[in-house]
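1. What shape does this take:
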Amino acid sequence: MNTFSALFLGTGTSVGVPVIGCKCKVCTSKNPKNNRLRSSIVFKSKNTTLLIDSGPDLRQQALRSNLTHIDAVLYTHCHLDHVAGFDELRAFCWNREDELPLFGNPETLAALERMHPWAFNSSVTHRGYIRPSKRPISKQFKIGDFNITSLAVEHGTVETHGYLLELPDSKKVAYISDLKSVKEESIEDLQNVDCLIIDGLRYADQPHPTHMSVEEACALGEKVSAKQVILTHLSHEVEHEEVNERTAAHISPAYDGLELNF
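-> Numbering: from 1, shown residues only. Below you'll find the predicted structure:
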């Protein structure tokens, strides 16, 4: 069986944890697993390193994790906590001759170009600049070793996707960092997934209009018969060890620096 790994660069919500000015038990916790940079993840196979989202903490995340090479970036959506580290991608372009592929839905790719028009100017060829290549996603596509299925989800008014990743003859892993619900067309794709990495912003007694609660994420895992559920995009209302106490054995919270092998 082919294998690959997932490294969580960040597991926090848009403001990160600790939150500026907050003195709650999570923000002041001594447990490093409660310190969360903005959500991002790296999937790595034998020949392919894939970064999902370039959030505002990308430089810090890359230095901490010794991430020096990526083959492509895959975007979930265009909210700032998932794209604001775009300029840090320069460091991944200095030692490559070809352009850096950026995969995403049309809305996200258009937003990146509006925000950084200089990067998409074909007349700018200096090696110190980002040299992006826009790659609109389809339902099923391939990046290096990875076979990928895009998963349409509901996350407010912005077009958002999760992704199902696998290698030939490997486990199937879904990553959906931001959602309130999965569109029906994508539920079937998630059936019997080996690992569901899913948005679990906070508990159901504090519902959010565009994010799943921990309880909603667990219910989705049960609905699709996920063998393992990993919660990410966690707010400061969620304490790491408390999640472990409140959920089933196959469900656990992610934390920055967590590495899983599939």
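2. which residues does Ala72 contact?
-> Thr48, Leu50, Leu51, Leu100, Pro101, Leu102, Phe103, Arg135, Ile143, Gly144 (C-beta atoms under 8 Å, 6 or more residues apart in numbering). In this view, the C-beta of every residue, glycine as well, is placed from N, C-alpha and C.
3. farthest-separated two in those?
-> Thr48 and Leu102 (15.2 Å; C-beta to C-beta).
4. between the two, who's got more neighbours?
-> Each of Thr48 and Leu102 has its neighbours counted (other C-beta atoms under 10 Å); Leu102 has more, 25 against 17.
5. Could you give the bridge partners of that one?
-> Leu102 forms beta bridges with Val73, Lys134, as assigned by DSSP bridges.
6. And for Ser150?
-> Bridge pairing for Ser150 - DSSP bridges - gives Tyr163.
7. And it, what's its pLDDT?
-> pLDDT recorded at Ser150 is 98.
8. my guess is it contacts Glu159, does it?
-> No. Using C-beta atoms under 8 Å, Ser150 is not in contact with Glu159; the gap is 10.9 Å.
9. Show me which of the two is the more surrounded one.
-> Using other C-beta under 10 Å as the criterion, Ser150 and Glu159 rank with Ser150 on top: 21 against 17.
10. For the more buried one, give its distance to Thr108.
-> 12 Å (C-beta to C-beta, to the nearest Å).
11. In contact with Gly16, which residues?
-> Gly10, Arg36, Leu37, Arg38, Asp57.
12. now do 7 Å
-> Arg36, Leu37, Arg38 (C-beta atoms under 7 Å, 6 or more residues apart in numbering).
13. shaky segments in the stretch 51-200 of the chain?
-> 124-128 (pLDDT under 70).
14. Could you pull out the strands in it for me?
-> 72-74, 100-104, 132-136, 140-143, 146-154, 160-166, 173-176, 181-182, 195-199 (DSSP state E, counting those that start in this stretch).
15. other SSEs contacting the fourth one?
-> Meaning strand 140-143. strand 146-154 (3 or more C-beta pairs under 7 Å, 6 or more residues apart in numbering; DSSP states H and E).
16. all helices for the stretch 151-262 of the chain, in order.
-> Counting by DSSP state H, counting those that start in this stretch, the stretch 151-262 of the chain has helices at residues 184-190, 214-223, 240-246.
17. picking that back up, next step: the contacts of Gly16 restricted to helices.
-> Under the assignment DSSP state H, the contacts of Gly16 contribute nothing to helices.
18. possible to save those as CSV with neighbour count, pLDDT and distance to Ser65?
-> Formatted as CSV, those follow (neighbours: other C-beta atoms under 10 Å; pLDDT from 0 to 100; distance: C-beta to C-beta, whole Å):
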residue, neighbour count, pLDDT, distance to Ser65
Arg36, 29, 98, 14
Leu37, 22, 98, 11
Arg38, 29, 98, 14
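19. picking that back up, just checking, which of the helices of the stretch 151-262 of the chain sits deepest inside the structure?
-> The highest mean neighbour count among the helices of the stretch 151-262 of the chain, using mean count of other C-beta atoms under 10 Å, belongs to helix 214-223: a mean of 20.
20. What is the neighbour count of Val19?
-> Val19: 15 neighbours (other C-beta under 10 Å).
21. you'd agree it is up against Cys27?
-> Yes. Val19 is in contact with Cys27 according to C-beta atoms under 7 Å; the separation is 5.6 Å.
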